[in-house]
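J.: Sharing a sequence plus its predicted fold:
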Amino acid sequence: MTFGRSQMIRLVAGVSFYPLDATLGLTRDGFSPWVIQFVARLATRMSFASSRVLCRSVLGWSPSVESIAEMVIGLGQMAEPFMTHQSAPANDGEVLVIEVDGTCPPTARADELAKRRGRRRKHAKACGCGCQRHRGQAKRKRRGGKKRQKKGDKSKNGKEVVVIVMYTLERGADGRLHGPKNKTVWASFGRRKRAALWARAEATKRGFGPDTTQTVQIVVDGASGLRSNLAEAFPNAIVTVDICHVMEKLWELGHRFHKEGSDERKTLVEEWKELVYEGRAEELVMRLKGLLDRVPRNGPGTLAKRKGLGKVIGYIEPRRSMMKYAEWREQDLVIASGQVEGAVRHVVGERIDCAGMRWIPGRGVAAPTLHRDQRRLGRVHRLHGPTDSETPHRI
């Protein structure tokens with residue numbers, strides 16, 4: 001037996017097995033499960049570069065930005081199958097609520113992907129010292145001028161991410177519904193049909209099958225694609241349009257007739273608001289149609305008024321059956337999608353919908369997937385290797 005420092009030579013390329021790594025609980029990438037879950041948690045809250053800086057400041061060392069990205073992508077691919085095989089939560093409520101919304105993070109265009117994936121060219125230094133100022137000038141000169149955008153053009157190239165929040169409510173002794181209980185968040189760049197299929201499978205697993213007699217409520221923002229796909233998967237569900245979206249459109253319409261912040265505008269919108277909360281959507285549509293008939297076809301400002309009225313009528317009229325707010329308020333059901341609005345902002349918006357970001361859908365969904373599954377990231381220890389307390393004894 002010899003004591004002292006021992007050197008181990010590793011292969012630079014290729015795959016090999018080292019018994020010491022297995023004893024220490026290291027993965028094939030050379031990182032411990034604790035480091036993987038710690039860095040992945042950081043990367044779900046901030047950019048990969050910022051995660052590297054924070055990890056270095058805490059641990060005195062950090063994986064590279066590329067390694068952090070690969071960790072998040074790898075764990076993100078495993079998160080959804082892992083979540084699917086989890087058992088249904090215990091002590092669920094008697095009313096299932098499904099809130100759905102979407103947002104459009106920026107995605108890379110074909111020309112941007114070609115620049116990323118192409119061979120990097122070597123360029124001469126713009127100046128002797130190679131300072132940032134002259135490097136930027138040389139880069140812009142090589143790139144050339146950008147095509148001027150026209151009015152309404154968007155450079156974001158957004159692709160929709162569908163976010164679903166599913167939870168239950170339990171009726172208490174006071175007759176009111178309390179919750180949310182066992183909230184689950186799901187997000188995907190996939191089609192809306194895929195979101196509806198996931199919601200159907202998750203609801204069935206939680207005891208709300210297609211033939212259930214329990215109450216199932218779906219809250220949407222009025223998007224026809226989301227409504228139709230979910231209504232097909234849940235034919236007996238109560239479909240509700242978010243009342244906040246209705247109010248937003250009514251306030252915007254009021255601005256067409258009265259000055260912003262005026263008492264006249266407030267009085268007009270309050271009358272419409274009262275009809276909405278009382279579940280009298282049919283009467284509201286009739287009033288708006290009567291107002292449209294009284295607005296002349298020609299004259300200053302009449303075109304904007306007629307367009308605004310037509311837009312609001314076209315939004316409310318086909319959704320009258322989804323606006324029975326008085327009845328649902330008596331039952332203490334949900335009439336607004338606040339849970340999913342917050343999930344869209346925290347799970348998607350604050351991480352992958354930021355200035356300067358250009359995502360590939362297959363990679364961009366990994367961070368939101370891990371963000372919603374952070375409580376399960378701690379199980380990486382049990383899945384991949386020994387815990388910190390077990391490692392010294394095994395060595």
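T.: All right, it came through fine.

J.: Run through the helices of the stretch 1-150 of the chain in chain order.
T.: With DSSP state H, counting those that start in this stretch, the ranges of helices along the stretch 1-150 of the chain come out as 19-24, 33-43, 48-59, 65-84, 110-117, 132-143.

J.: Which of those has the lowest mean pLDDT?
T.: Among these, helix 19-24 carries the lowest mean pLDDT, at a mean of 78.

J.: Can you show me the CA trace of that helix as PDB?
T.: The C-alpha trace of helix 19-24 is given here as PDB (Å, rounded to 0.1, in the frame of the first residue of the first chain):
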ATOM      1  CA  PRO A  19     -14.000   3.100 -11.200                       C
ATOM      2  CA  LEU A  20     -13.100   6.200  -9.000                       C
ATOM      3  CA  ASP A  21     -15.900   8.200 -10.700                       C
ATOM      4  CA  ALA A  22     -18.400   5.500  -9.900                       C
ATOM      5  CA  THR A  23     -17.200   5.500  -6.300                       C
ATOM      6  CA  LEU A  24     -17.400   9.300  -6.000                       C
END
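
J.: next one: it to chain centre, how far?
T.: 39 Å (Cα atoms, centre = their mean, to the nearest Å).

J.: Tell me which of the helices of the stretch 1-150 of the chain approaches residue 166 most closely.
T.: Between residue 166 and these, the shortest separation by Cβ to Cβ is 12.0 Å, and it involves helix 65-84. Just so you know, the C-beta spots here come from the backbone N, C-alpha and C atoms, and that holds for glycine as well.

J.: Determine how far the closest one lies from the middle of the whole chain.
T.: Using Cα atoms, centre = their mean, the offset of helix 65-84 from its chain centre is 16 Å.

J.: list the buried ones in it?
T.: By 16 or more other Cβ atoms under 10 Å, the buried positions in helix 65-84 come out as 65, 67, 68, 69, 70, 71, 72, 73, 75, 76, 79, 80.

J.: could those be laid out in a markdown table, adding distance to residue 337?
T.: A markdown table is the format used below for the buried residues of helix 65-84 (distance: Cβ to Cβ, whole Å):
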| residue | distance to residue 337 |
| --- | --- |
| 65 | 36 |
| 67 | 38 |
| 68 | 33 |
| 69 | 32 |
| 70 | 35 |
| 71 | 33 |
| 72 | 28 |
| 73 | 30 |
| 75 | 29 |
| 76 | 25 |
| 79 | 24 |
| 80 | 23 |
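
J.: Can you tell me the closest non-neighbouring residue to residue 242?
T.: residue 337 (4.4 Å; Cβ to Cβ, 6 or more residues apart in numbering).

J.: before we move on, the earlier item: ok, and which of the helices of the stretch 1-150 of the chain has the densest surroundings?
T.: Among those, ranked by average contacts under mean count of other Cβ atoms under 10 Å, first place goes to helix 33-43 (a mean of 22).
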